[in-house]
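Undergrad: Turn this into a model:
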Amino acid sequence: MTMKILIADDDSGMRLVLRKIIESMDGMECIGEAADGAEAVRLCIELRPDVVFLDVDMPIMKGTEAAKEIGDALPDIKKVFCTAHPGYMSHAFEVYAADYLLKPFKTDRVRQTLSRLRKEKAKAKSAPPKTLMLKSRDGMTFVPVKDILMVYRENKVTYIETTQESYTTSESLTSFESKLAGGDFFRCHRAYIISVPSVSNIHPYGRWTYTVSLRGTENTALITHEKLEELQELLRE
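TA: Model (predicted):
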């Protein structure tokens, strides 16, 4: 499993140092470099790295501002700040930084961070989590995965419907699809993920779409004709 890494720093010498460290490690690949914060955002959206190294003091857009935009668009990307400014540490963790490296740093410190993030990635892919952590400005909410009935997207808001209550977050549906992979969840529509064991019945809704009723909620999901065929195959296995 290769870790894809993007480096964003306006100092070309620092980008070279980080690239050499990355390339010296097995299973690590530097897929791009950015010289300013705006370019970092653009390349993250285009290249989808697993990790992005961000300097704080960059032209056009500061690293903390870039991190917020990256987090809003692609919350699964791990953000590692690499800077000479210790005073920005609190700002970095406000945008959920995975680590904060102070220049000048030791090579082993970077290696330790990358090794830890690779282990976290491998663990996340091996099995769905038992609990989802939803982050907001007010703090963090922990939702048991076994209680989730469906996750859906409406008006740029993601809703998590559980047996107990409903939660909202700005995270994308694709992010939840990745987090819930390997479990009992199925992306039945571009706007819906459902708990397969909770399905009670399915009814036609238009020519190529159906509604899905779930035990434990009056809300229904949509499923396309193609996805219904996939679900039927899944249930036969």
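Undergrad: How about the most centrally placed residue in the chain: what's its closest non-neighbour residue?
TA: The centroid of the chain falls nearest to Asp76 when counting by CA atoms, centre = their mean (2.0 Å). Residue nearest to Asp76 in three dimensions, not counting chain neighbours: Ser175, with 5.7 Å by CB to CB, 6 or more residues apart in numbering. (Glycine included, C-beta is placed from N, CA and C.)
Undergrad: what comes into contact with the strand or helix carrying that neighbour?
TA: Ser175 belongs to helix 173-179 when assigned by DSSP states H and E. For helix 173-179, the surrounding residues in contact (CB atoms under 8 Å, 6 or more residues apart in numbering) are 74-76, 124, 128-129, 132, 151-153, 158, 160, 185, 187, 190-193.
Undergrad: buried sites along it?
TA: Judged by neighbour count (16 or more other CB atoms under 10 Å), helix 173-179 contains these buried residues: 173, 175-176, 179.
Undergrad: Would you mind putting the CA coordinates of it into PDB?
TA: Provided in PDB are the C-alpha atoms of helix 173-179 (Å, rounded to 0.1, in the frame of the first residue of the first chain):
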ATOM      1  CA  LEU A 173     -20.900  11.500   1.400                       C
ATOM      2  CA  THR A 174     -17.800  10.100  -0.300                       C
ATOM      3  CA  SER A 175     -15.900  10.500   2.900                       C
ATOM      4  CA  PHE A 176     -18.500   8.500   4.800                       C
ATOM      5  CA  GLU A 177     -18.500   5.800   2.100                       C
ATOM      6  CA  SER A 178     -14.800   5.400   2.600                       C
ATOM      7  CA  LYS A 179     -15.100   5.300   6.400                       C
END
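Undergrad: average pLDDT across that helix?
TA: Average pLDDT, helix 173-179: 89.
Undergrad: Can you identify the element that follows it toward the C-terminus?
TA: Next element after helix 173-179 (DSSP H and E): strand 185-189.
Undergrad: What pairs with the helix or strand that that following strand is followed by, parallel or antiparallel?
TA: Counting by DSSP H and E, the next helix or strand C-terminal to strand 185-189 is strand 192-195. Strand partners for strand 192-195, identified by DSSP bridges, are recorded as strand 148-154 (antiparallel), strand 185-189 (antiparallel).
Undergrad: mind listing what's buried in the helix or strand where Lys20 lies?
TA: Secondary structure from DSSP H and E places Lys20 in helix 12-23. Within helix 12-23, the residues that qualify as buried by neighbour count (16+ other CB under 10 Å) are 14-15, 17-18, 21-22.
Undergrad: which other helices and strands contact that helix?
TA: strand 3-8, strand 28-34, helix 107-126 (3 or more CB pairs under 8 Å, 6 or more residues apart in numbering; DSSP states H and E).
Undergrad: so can I have CSV of these showing mean neighbour count and distance to Ala40?
TA: Putting the helices and strands packed on helix 12-23 into CSV (neighbours: other CB atoms under 10 Å; distance: least, CB to CB, whole Å) gives the following:
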stretch, mean neighbour count, distance to Ala40
strand 3-8, 24, 4
strand 28-34, 19, 4
helix 107-126, 14, 18
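Undergrad: Export these as TSV, with columns for mean pLDDT and distance to Arg48.
TA: Putting the helices and strands packed on helix 12-23 into TSV (pLDDT from 0 to 100; distance: least, CB to CB, whole Å) gives the following:
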stretch	mean pLDDT	distance to Arg48
strand 3-8	96	7
strand 28-34	96	9
helix 107-126	85	13
